[in-house]
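Q: model this:
(one chain, ligands or ions: 1)
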Amino acid sequence: MTQVYNFSAGPAMIPAEVLRRAEQELCNWHGLGTSVMEISHRSKEFIQVAEESERDIRELMGIPSNYKVLFCHGGARAQFAAVPMNLLGDKATADYIDGGYWAHSAVKEAQKYCTPNVIDVTTTVNGKRGILPMNQWALNADAAYVHYCPNETIDGVAIDEEPNFGDKVVIADYSSSILSRPVDVSRFGVIYAGAQKNIGPAGLTLVIVRDDLLGKAQKALPSILDYSVLAENDSMFNTPPTFAWYLSGMVFKWLKEQGGLREMEKRNQAKAELLYGAIDHSDFYRNDVAQTNRSWMNVPFQMADASLDKLFVQEAFDAGLHALKGHRVVGGMRASIYNAMPIEGVKALTDFMADFEKRHG
Ligand code: PMP
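A: Predicted coordinates:
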């Protein structure tokens, strides 16, 4: 069978070693004679999985002890509602940085709970799509917090600057770039991420929340979204997505074995440079994002002749390069190259791109 590289934006690739280990132990987990999916979340065996996964992610990300790590349901979209309902307190507004599709989706949800101060930070740099530097973001002193999305999965736009807004509470939707490089967690009030890109299977959502932000929830907030309730119950207020949690724990262990987030940063930079280099060195392909805001995780690219898109995606698929069709909002192609994508996969893609250009350019 052709070696397959899966460039899906999410659910996305999971490290092959992790899948193989899960396969080996699927039917007889830890000698119990059942799978991990079939045991109680309150059993001592599963509690060990939960505790180890929390220890590992704390170590990987350097999460300070005054932060809770919550393993939730509902994906990032549930957090679009949970954030305002947990954190507005007595404030009527929050700053929402609008830099792309997902940041904008968070605004739309927040409008149900407050009057967001929407700050359009998009700009044009040498004809390409960019983001204003953070010191030009017009934040509002009355806002309960500032929310932004450091990696726009669809647009391929990243905000890599570290936030430095004094005592302002900073909330970040890290769904598509968590664990891709080190982040100084202490700069944030809340970091959240759906698991299905760089953590593990869909169904699990990671929330990292600073202790002093707990206890402000609106009365009408469903308990299942209430950070305090989840923290008091060790993320087991109701039945958690146990299989996704277990597999994510295995991904954390894999990341530690690889050398942690510094090593991931090196690898992700090398992969991104290889792919953007191939795009920039060709007149046949282009990427419309300004250099400083190019995402290392999601790389959209276009061809001058868009009528070739379908053929590109089909031929790439036949060559084992899957899920390269761009999101309908942006069109063209998109390669998502999260932690689990080896550099060999990106090399196979750039080789294919060169060959396609030779035949159709
Ligand atoms: N935020 C970002 C940055 C995303 O990429 C996505 C999913 N593609 C979402 C939010 C929505 O995530 P979910 O489907 O887990 O609700």
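
Q: okay, CA-based contacts and neighbour counts for the rest of this
A: Noted.

Q: confirm residue 349 sits in a helix?
A: Yes. Residue 349 forms part of a helix when assessed by DSSP: H, G, I helix; E, B strand; the rest coil.

Q: ok, the nearest residue to it once chain neighbours are set aside to the ligand distance?
A: Among residues not flanking residue 349 along the chain, residue 321 sits closest, at 6.9 Å (C-alpha to C-alpha, 6 or more residues apart in numbering). Residue 321 sits 20 Å away from the ligand, going by C-alpha to the nearest ligand atom, to the nearest Å.

Q: same check, this time on residue 225
A: Distance, residue 225 to the ligand, by C-alpha to the nearest ligand atom: 14 Å.

Q: list the contacts of the closest residue to that residue other than its chain neighbours.
A: Nearest residue to residue 225, sequence neighbours excluded (C-alpha to C-alpha, 6+ apart): residue 82, at 5.7 Å. Applying C-alpha atoms under 8 Å, 6 or more residues apart in numbering to residue 82 gives the contacts 221, 225, 226.

Q: model confidence over the longest helix belonging to the chain, on average?
A: Criterion DSSP state H: the longest helix present in the chain is helix 260-280. For helix 260-280, mean pLDDT is 98.

Q: cool, stretch 43-59 as well?
A: Here the average pLDDT along stretch 43-59 is 98.

Q: picking that back up, can I get the longest helix of the chain in PDB? Just the C-alpha atoms.
A: Only the C-alpha atoms of helix 260-280 are listed here, as PDB (Å, rounded to 0.1, in the frame of the first residue of the first chain):
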ATOM      1  CA  GLY A 260       9.000  18.000  24.400                       C
ATOM      2  CA  LEU A 261       7.800  21.200  22.900                       C
ATOM      3  CA  ARG A 262      11.300  22.700  22.200                       C
ATOM      4  CA  GLU A 263      11.900  19.700  19.900                       C
ATOM      5  CA  MET A 264       8.400  20.100  18.400                       C
ATOM      6  CA  GLU A 265       9.100  23.800  17.700                       C
ATOM      7  CA  LYS A 266      12.300  22.800  15.800                       C
ATOM      8  CA  ARG A 267      10.600  20.200  13.800                       C
ATOM      9  CA  ASN A 268       7.500  22.300  13.000                       C
ATOM     10  CA  GLN A 269       9.700  25.200  11.900                       C
ATOM     11  CA  ALA A 270      11.600  23.000   9.600                       C
ATOM     12  CA  LYS A 271       8.400  21.600   8.100                       C
ATOM     13  CA  ALA A 272       6.900  25.000   7.600                       C
ATOM     14  CA  GLU A 273      10.100  26.400   6.000                       C
ATOM     15  CA  LEU A 274      10.200  23.500   3.600                       C
ATOM     16  CA  LEU A 275       6.600  24.000   2.500                       C
ATOM     17  CA  TYR A 276       6.500  27.800   2.300                       C
ATOM     18  CA  GLY A 277       9.900  27.700   0.600                       C
ATOM     19  CA  ALA A 278       8.500  25.400  -2.100                       C
ATOM     20  CA  ILE A 279       5.500  27.800  -2.500                       C
ATOM     21  CA  ASP A 280       7.600  31.000  -2.600                       C
END
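
Q: buried set for that helix?
A: For helix 260-280, burial by neighbour count (16 or more other C-alpha atoms under 10 Å) applies to 260-261, 263-265, 267-269, 271-272, 274-276, 278-279.

Q: quick check on residue 173: phi, psi?
A: The phi/psi pair for residue 173 (degrees, to the nearest 10) reads phi -90, psi 100.

Q: confidence score at it?
A: 99.

Q: cool, residue 115 as well?
A: The predicted local confidence for residue 115 is 98.

Q: now do residue 185
A: Looking at residue 185, its pLDDT is 98.

Q: helix, strand or coil for the nearest residue to it once chain neighbours are set aside?
A: Excluding the flanking residues, the one nearest residue 185 by C-alpha to C-alpha, 6+ apart is residue 63, at 6.0 Å. In three-state terms, and counting by three-state DSSP, residue 63 is coil.

Q: report the contact partners of residue 63.
A: Residues in contact with residue 63 (C-alpha under 8 Å, 6+ apart) are 57, 185, 186.

Q: quick one: it from residue 106, how far?
A: To residue 106, residue 63 is 25 Å away according to C-alpha to C-alpha, to the nearest Å.

Q: ditto for residue 355
A: Distance of residue 355 to residue 106, computed by C-alpha to C-alpha: 40 Å.
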